[in-house]
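Participant: Here is the input, now give the coordinates:
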Amino acid sequence: MLKKMILPFTLALSLLGISTAAYSEDSPAEAAAKYRQGAFQMTKFHFGQMGAVVKGAKEFNADEFKKNAEIVAMMSQIVANGFGEGSSADDSNAKPNVWTDAAGFKSKLESFQVEAAALVKAAESGDLEQIKPQFGKVAETCKACHKEYRND
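Facilitator: Purely as a prediction, here's the structure:
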């Protein structure tokens with residue numbers, strides 16, 4: 001019972017953090033940075049849960065994996081809301097070219113969205129051997145975008 005409540009509770013707390021950032025006293029740029037950081041933090045958490053399964057460090061549970069994939073796919077859609085014009089902030093890991101090369105960034109984000117949606121489809125199979133290659137494709141979209149548009 002407790003395990004079933006952890007995922008919704010985590011999601012609710014994370015969304016609360018995102019919505020709080022969006023309606024805070026921060027400047028629009030600071031609020032946008034907090035919004036996208038919250039979205040990426042949720043993505044990282046749920047992707048990490050799946051990564052542990054793919055690496056064999058955690059037991060495969062098809063339903064749990066699918067839920068994590070669905071959350072990552074959802075976050076891939078909403079994270080763009082934190083990158084609007086004028087949303088550059090000092091407290092950000094985003095490189096300036098996120099805004100100066102908006103078309104390139106959008107292309108990378110769309111690749112992430114497509115591959116994350118395909119991961120949900122793979123997860124629906126319940127077959128870890130079918131899921132693993134698609135998980136790798138999603139990871140590659142993350143790496144490609146980070147390399148080009150994120151300060152490490």
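
Participant: and the helix or strand where residue 123 lies, how far out from the chain's middle?
Facilitator: Here residue 123 sits within helix 102-124, counting by DSSP states H and E. Centre-to-centre, helix 102-124 and its host chain are 10 Å apart (CA atoms, centre = their mean, to the nearest Å).

Participant: pLDDT of the next helix or strand after it, averaged?
Facilitator: Downstream of helix 102-124, the next assigned helix or strand under DSSP H and E is helix 128-149. If you average the pLDDT over helix 128-149, you get 96.

Participant: ok and helix 128-149 relative to helix 102-124, angle-wise?
Facilitator: 170 degrees (axes from the mean of the first three to the mean of the last three CA atoms, to 10 degrees).

Participant: residues making contact with helix 128-149?
Facilitator: 47, 50-51, 53-54, 60, 65, 72, 94-95, 97-98, 101, 104-105, 108-109, 111-112, 115-116, 118-119, 121-123, 125, 152 (CB atoms under 8 Å, 6 or more residues apart in numbering). For the C-beta atoms, the positions are set from N, CA and C on the backbone; glycine is no exception.

Participant: Write a PyMOL command that selects only the buried members of the residues you listed.
Facilitator: Under the burial definition 16 or more other CB atoms under 10 Å, those of these that qualify are selected in PyMOL by:
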select buried, resi 47+50+53+54+65+72+94+95+98+105+108+109+111+112+115+116+119+122+123
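
Participant: Next, work out how far apart the residue nearest the centre of the chain and residue 130 are.
Facilitator: Nearest to the mean C-alpha position of the chain, by CA atoms, centre = their mean, lies residue 43 at 3.0 Å. Using CB to CB, to the nearest Å, we find residue 43 at a distance of 22 Å from residue 130.
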